[in-house]
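J.: Generate coordinates for the sequence data below:
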Amino acid sequence: MRQRRLALACVAIIAVVVTSASVAGAKSTIKEFMGENFAGMHTILVALITSNYASVPAQAAVIRDHAEQLTELVPDRAKNERDQFLSYAYNLKSHAQDLKVIAELLIKHDQEKKDGDLSTDQLREALAAHYGGMVTTCVACHNRYRPQIIR
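T.: This next block holds a predicted model:
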């Protein structure tokens, strides 16, 4: 029950962020993307822990789209290392896309309730590995390009 409430709270936060961004009508900034990605990553983590993957494809798609947009928004502090910044963006995009595809397979499997035709344990582990890859990519990029430590 607590996990369900936590997931619903995350969805509500994301809805507020998305609504606020669309109302403002302004082009999103890297900081806004990061805030939305952080909320999405939390939602995905809850889904991984509860094995309830319904919210994962949409969240992964948002993160993937943000990663694609980051390739167009290289910050000034990364201009001299543009290729490195882009490698982080493309790595994030790849992990998010793979995470989305695997979650969709698990959702389909759970809906059809088929036993033995799919190695769900390995897919769940792959899903967690791609989640970890996204976290690692975010941390590496922030360590390199964040102007100051966030307190």
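J.: CA only for contacts and neighbour counts going forward, please
T.: OK.
J.: longest helix anywhere in this protein?
T.: For the chain, the helix reaching the highest residue count under DSSP state H is reported as helix 82-112.
J.: elements contacting it?
T.: helix 56-70, helix 120-145 (3 or more CA pairs under 8 Å, 6 or more residues apart in numbering; DSSP states H and E).
J.: taking those together, which one is wrapped up most tightly?
T.: Comparing the helices and strands packed on helix 82-112 by mean neighbour count (mean count of other CA atoms under 10 Å), helix 56-70 comes out on top with a mean of 21.
J.: quick one, it and helix 120-145 angle?
T.: With axes from the mean of the first three to the mean of the last three CA atoms, to 10 degrees defining the directions, helix 56-70 sits at 30 degrees from helix 120-145.
J.: Next, find the distance separating His109 from Gln84.
T.: With distances taken as CA to CA, to the nearest Å, His109 is found 38 Å from Gln84.
J.: What of Arg144?
T.: Arg144 sits 10 Å away from Gln84, going by CA to CA.
J.: quick one on the thing from earlier: so which of the helices and strands packed on helix 82-112 is nearest Asn80?
T.: Asn80 sits nearest to helix 120-145 of all the helices and strands packed on helix 82-112, at 11.1 Å, using CA to CA.
J.: Redo the helices and strands packed on helix 82-112 as CSV? Include mean pLDDT and distance to Lys113.
T.: Shown next, in CSV, are the helices and strands packed on helix 82-112 (pLDDT from 0 to 100; distance: least, CA to CA, whole Å):
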stretch, mean pLDDT, distance to Lys113
helix 56-70, 93, 19
helix 120-145, 92, 11
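J.: Which among the ones you listed is found nearest to Lys93?
T.: The minimum distance between Lys93 and the helices and strands packed on helix 82-112 falls on helix 56-70, with 4.5 Å, by CA to CA.
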